[in-house]
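# sequence and predicted structure below; questions after.
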Amino acid sequence: STSTSTSTSTSTSTSSTLPSIQTIDKTAEITIYTETQQNQEQTQKEEEQENIVTQQNLSPIDTSINTHKQTQKTKQKNKNPKKTQKNKQSNKIELENKTENKTENKTEDNNNNNNLNNDEYILEKFIANTDISVEIPVRVVSKESLIEEEALKQLRRTARLPGVILAVGLPDLHPGPAHPIGTAIVTKDWIYPTLVGGDIGCGMTLYRTTLKPAPPKKIEKWAAKLEGLESPWEGDTIKWLSDFQIEITPFDSWLGTIGGGNHFAELQQIEKIYNLEIAQRINLVEDYLFLLIHSGSRSLGDSVLDEHKSKNGYSGLRIGTNDANLYLQKHNHAVAWAKRNRELIAHRFANTLNSNLNCILDICHNSVIEKEFTGQGTANQQSGSFWLHRKGAAPSDCGLVVIPGSRGTLSYLVQPTTNTVLHEQSGHSLAHGAGRKWKRGLCKGRLENKFNAASLTLTNIGSFVICENKALLYEEAPPAYKDIDIVVKDLVDVGLVEIVASFKPLISYKMREKKYITNSSSTSNHRRKLNND
C-alpha cells in the first residue's frame, strides 16, 4: 500500500477535553489542512494516485473540519499563498468564515451534484429542500489514519440532515453509497433508517474456545473441515429463536450464515497481552484459541430498510409518529436476530472442530439507540435524550470492544477510558475495524498482477483464508484496507481507549463455493445476500 506520511509524527499529550470545536455551516464545504508540508511534491502525487487526504500532527480530535466554502478556499489560496504557508509552519488551523449569496451557493451545488452517485444525488435533492441555517459540530477522530475526501464530503452532507446536532467520523471513516461508514450521528426529534443501513444489528462477538494452540499442519486440517457457513443450518431455527423470545421471520433460512462483504468467522490466537489485570479478570489466557464472529441481520435487515425507503426515501422519521415507532420495533427485532445469528455461526464453527465456547463480549455497530447527552459535544451544548445512529461504529459505552483488522493482520481488544467528556464529544463511539482504503471495484485490477487467487488464501503471517469466491477474495485482500495499527493508535492517542490484547488470525472463514437456498422463505431478490452484505 502507498504511504502518505510526509513527516515524523510528534507525540501529543491527551487532555481532559477535546480542542475547541469548530462548527460547520450546513451550506459549507469541508476542508482538511495538513500542517506539515515536508516532501510536499511527493505527497501531492500520492494523494492524486490514491485520492486520499492525509492528516498529520493535527490536534488529537476534530480537527480538520472548518467552516468555509470551497470556492472561497481556492480564491484565498491563490490570493495569499505566503499566509497559508506561514500558518502551516506555525502549526495552526486557520478558520475562515466567508459568506456567499444564494445564487453562488446554488451554482456550486449544481456543479457538485454532477459528481454524485445515484444514492448521493437522491439524498442531496432531499437535503436541498431543508433548513440549512443551523450550525453543528462535526468531528473527525483521526490524527494519522487515511481519510478519503469523498468520505468527508458525505459526512458534511449527512450533517445537513434536519435534526442532526453532532456528526462524528471515526478513524476507519470511508465512503458508503450515500452516507459514510465509520460514523456516529446524533439527532434530536428524528431518526434516519438510512443512517443505520440495511445490515441492522451487525456486530462482533468474541469467544474463548477450548481449542489449544497448534502447529500449522493441524490448523490447516481444521480449515479443511470447515464448510457450510454460507448455507442453511439443518437444525431447528424456530427453537433457536424462540428460546430468546425472538419472533420467527420469512428470512430465518439465513440464520447461522455469515454473508458476504467483510463478514467473517475467524479463529485467532493471542499475540500479546498489554493489560494483564483486565486479561486475568476475563480469563484471557494464551493457553486457548479465540473465535471472532462478524455478521448481522442478513436479509431481514435489508427488508426493514427497503420497506422504509419505498415509502419515505432518505427522509427521516419524527419521533413519536406511527412510522417511527414501527421502524424502531422492527429495528430492535433485527438487532436481536443478528445477535442470535452470530451465536449460531459460532456454534456451527465450534461444533465442526469439537470445541466449547465461552462468550467474552458481543457488540453492535449498526444501530440507532436513545442516549443521554450532557451537552459537552452537541450543537449549542444541548443536553437531554437524543438519538445516536451508529453506522460502522463500535460503542464506547458497553465495556470491552474488539476492533478487527483485515485478514492477515492483527485484531485488538480495547478498553474504553473513563473520560466521559471525550467519549461524549466522539459520539460514545469507536472505530469498528480498519476501514476500507480501496473501493471494491478497484481491488482486482490493482492486485491481480501481483497476486493470483490461490496466493491470497495464505497470508503473510501464515493464516489460512477460506474464500472460494474469487472476486470477494480480491475485494477483501489486506491491501484494500487501512492500517489497523494506525487506526487503533489514533484511538489511543486521542485518549479514548487503552489496548488490552492483540490477536493474530489462524483461519479466516469467508465463503465456500456459492450455494443458493431454494425454499420458499428465500426469495430471489435476496439471494444477493450471499455475496453483497
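Now that the structure is in, tell me what you want to look at.

# going forward, measure contacts and count neighbours with C-alpha atoms only.
Will do.

# which parts of the stretch 401-533 of the chain are helices?
Listed in chain order, the helices of the stretch 401-533 of the chain (DSSP state H, counting those that start in this stretch) span 420-425, 440-447, 470-475, 484-494, 529-532.

# quick one: closest of those helices to residue 139.
Among those, the nearest to residue 139 by C-alpha to C-alpha is helix 420-425 (8.3 Å).

# the closest one packs against which elements?
For helix 420-425, there is no helix or strand it packs on, judged by 3 or more C-alpha pairs under 8 Å, 6 or more residues apart in numbering; DSSP states H and E.

# sorry, back to before: got the helices of the stretch 401-533 of the chain as TSV, with distance to residue 454 and mean pLDDT columns?
Output for the helices of the stretch 401-533 of the chain, formatted as TSV (distance: least, C-alpha to C-alpha, whole Å; pLDDT from 0 to 100):
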stretch	distance to residue 454	mean pLDDT
helix 420-425	43	94
helix 440-447	13	79
helix 470-475	9	84
helix 484-494	24	95
helix 529-532	19	39
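
# tell me how many other residues crowd residue 386.
Residues lying near residue 386 (other C-alpha atoms under 10 Å) number 21.

# what bridges to it?
Beta bridges link residue 386 to residue 371, judged by DSSP bridges.

# so it makes contact with residue 185?
No. The pair residue 386 / residue 185 is not scored as a contact, 10.2 Å apart, by C-alpha atoms under 8 Å.

# re earlier: of the helices of the stretch 401-533 of the chain, which is nearest residue 315?
Ranking these by proximity to residue 315 (C-alpha to C-alpha) places helix 529-532 first, at 24.4 Å.

# tell me which residues touch the nearest residue to residue 434 once chain neighbours are set aside, please.
Closest residue to residue 434 apart from its sequence neighbours, by C-alpha to C-alpha, 6 or more residues apart in numbering: residue 484 at 4.7 Å. Residues counted as contacts of residue 484 (C-alpha atoms under 8 Å, 6 or more residues apart in numbering) are 404, 405, 406, 409, 410, 411, 433, 434.

# how about residue 367?
The neighbours of residue 367, taking C-alpha under 8 Å, 6+ apart as the test, are 196, 200, 201, 331, 335, 389, 390, 391.

# now do the contacts for the fifth one.
Think residue 335. 200, 201, 202, 296, 297, 364, 367.

# quick check: the gap between it and residue 410.
Relative to residue 410, residue 335 is positioned 27 Å away (C-alpha to C-alpha, to the nearest Å).

# now do the strand or helix carrying residue 279: everything it contacts.
Per DSSP states H and E, residue 279 falls inside helix 276-281. Contact with helix 276-281 is made by 273, 285, 500, 501, as judged by C-alpha under 8 Å, 6+ apart.

# my read: the third one touches residue 417, true?
No. Counting by C-alpha under 8 Å, no contact exists between residue 500 and residue 417, whose distance comes to 11.6 Å.

# and stretch 379-386, what's buried?
379, 386 (16 or more other C-alpha atoms under 10 Å).

# CA atoms of it as PDB?
Extracted in PDB, the C-alpha atoms of stretch 379-386 (Å, rounded to 0.1, in the frame of the first residue of the first chain):
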ATOM      1  CA  ALA A 379     -24.800  21.800  18.900                       C
ATOM      2  CA  ASN A 380     -25.400  24.700  21.200                       C
ATOM      3  CA  GLN A 381     -24.400  22.400  24.100                       C
ATOM      4  CA  GLN A 382     -27.800  20.900  24.100                       C
ATOM      5  CA  SER A 383     -28.400  18.200  26.700                       C
ATOM      6  CA  GLY A 384     -31.100  15.600  27.000                       C
ATOM      7  CA  SER A 385     -32.200  12.300  25.500                       C
ATOM      8  CA  PHE A 386     -31.200  12.200  21.800                       C
END
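
# in a helix, residue 288, correct?
No. Counting by DSSP: H, G, I helix; E, B strand; the rest coil, residue 288 falls outside a helix, being coil.

# just to check, it is in contact with residue 211?
Yes. With contacts counted by C-alpha under 8 Å, residue 288 reaches residue 211, the gap being 5.7 Å.

# so which residues of the stretch 201-350 of the chain form strands?
Taking DSSP state E, counting those that start in this stretch, the strands of the stretch 201-350 of the chain run over residues 203-209, 264-273, 290-295, 317-318.

# which one, of those, ends up nearest to residue 226?
Ranking the strands of the stretch 201-350 of the chain by their distance to residue 226 (criterion: C-alpha to C-alpha) puts strand 264-273 first, at 10.5 Å.

# and the angle from that closest one to strand 290-295?
In terms of direction (axes from the mean of the first three to the mean of the last three C-alpha atoms, to 10 degrees), strand 264-273 departs from strand 290-295 by 140 degrees.

# how near is residue 153 to residue 344?
Distance of residue 153 to residue 344, computed by C-alpha to C-alpha: 38 Å.

# find the nearest non-adjacent residue to residue 411, please.
Spatial nearest neighbour of residue 411, chain neighbours left out: residue 404 (4.1 Å); criterion: C-alpha to C-alpha, 6+ apart.

# you'd agree that neighbour is up against residue 414?
No. Assessed by C-alpha under 8 Å, residue 404 is found out of contact with residue 414, at 10.7 Å.

# from the contact counts, what lies against the lengthiest strand in the chain?
Longest strand of the chain, by residue count under DSSP state E: strand 497-511. Counting contacts by 3+ C-alpha pairs under 8 Å, 6+ apart, strand 497-511 packs against helix 216-225, strand 264-273, helix 276-281, strand 411-416, strand 464-467, helix 484-494.

# out of those, which comes closest to residue 178?
helix 484-494 (23.0 Å).

# can you pull the buried residues of the closest one?
Burial within helix 484-494, assessed by neighbour count using 16+ other C-alpha under 10 Å, is assigned to 484, 486, 487, 488, 489, 490, 491, 492, 493, 494.
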